[in-house]
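K.L.:
Give me coordinates for this.
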Amino acid sequence: MVVDDHPMWRDAVARDLDDAGFEVVAVVGDGGQAIRIAASVRPDVVVLDLQLPDISGVEVTRGLRTAYPAARVLILSASGEQRHVLDAVKAGAAGYIVKSAGRPELLDAVRRTASGDAVFSPGLAGLVLGEFRKLAANPAPGTPQLTDREAEILRMVGTGLSYKQIAERLVISHRTVQNHVQNTLAKLQLHNRVELVRYAIEHGLDTGIS
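P.N.:
Numbering: from 1, shown residues only. Prediction:
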């Protein structure tokens with residue numbers, strides 16, 4: 001589902017997705033409608049603008065988490081401001097890319113979002129990781145302890161790297177990366193990688209790594 005209040009822009013995005021083989025189940029111009037129809041059109045990915053005429057993209061993201069939690073939200077915004085990026089991730093967005101991104105980057109982001117990756121434009125991944133590191137220096141009381149390897153992989157997940165990319169960087173198997181992430185999710189009582197990134201931003205983690 002594509003959600004944007006600019007008709008030419010949303011139609012162009014929908015057309016690019018359709019041409020690339022994606023099924024575009026809905027194209028809407030306001031956030032309220034997106035929330036209302038989400039459960040009926042059942043999108044795997046919602047490509048969502050932040051600036052909408054009725055409610056903000058951040059509020060739409062929160063609304064979609066209630067109306068149709070299976071949908072993964074990919075923010076596509078003209079703004080790359082830190083506040084907007086972090087607010088969107090805290091609300092539940094799976095990723096955030098800027099509108100200056102090229103068509104190949106958009107299509108790749110949608111594919112990766114659909115597969116469960118946390119996806120960010122290159123410069124924005126650093127913002128998310130920086131916030132994680134800042135909060136990790138002052139962890140919330142009672143935060144579960146992670147092993148060094150789990151913490152290392154968590155940091156990489158926070159930058160938007162896929163399992164395959166993490167495995168290549170650490171010279172371990174894809175399956176080993178999956179196992180570490182699943183262990184971390186279990187310790188933190190979370191369900192997926194998107195929640196893991198959001199948890200890190202909101203609470204910080206005592207990684208034990210300087």
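K.L.:
Would you tell me what the next helix or strand after the helix or strand of the chain with the lowest mean pLDDT is?
P.N.:
Least confident helix or strand, the chain: helix 122-136 with a mean of 56, by mean pLDDT, DSSP states H and E. Scanning forward in sequence from helix 122-136 by DSSP states H and E, the next helix or strand is helix 148-158.
K.L.:
Determine the set of other helices and strands touching that following helix.
P.N.:
helix 122-136, helix 163-170, helix 174-188, helix 193-203 (3 or more C-beta pairs under 8 Å, 6 or more residues apart in numbering; DSSP states H and E). For every residue, glycine as well, the C-beta is placed using N, CA and C.
K.L.:
burial count for Glu81?
P.N.:
12 (other C-beta atoms under 10 Å).
K.L.:
With the one 4 residues further on instead?
P.N.:
Using other C-beta under 10 Å as the criterion, Val85 is surrounded by 26 other residues.
K.L.:
How about the strand or helix carrying it, which residues are buried there?
P.N.:
Assigned by DSSP H and E, Val85 belongs to helix 82-91. Using 16 or more other C-beta atoms under 10 Å as the test for burial, helix 82-91 gives His84, Val85, Leu86, Asp87, Ala88, Val89, Lys90, Ala91.
K.L.:
Give the next helix or strand downstream of that helix.
P.N.:
Assigned by DSSP H and E, the successor of helix 82-91 is strand 95-98.
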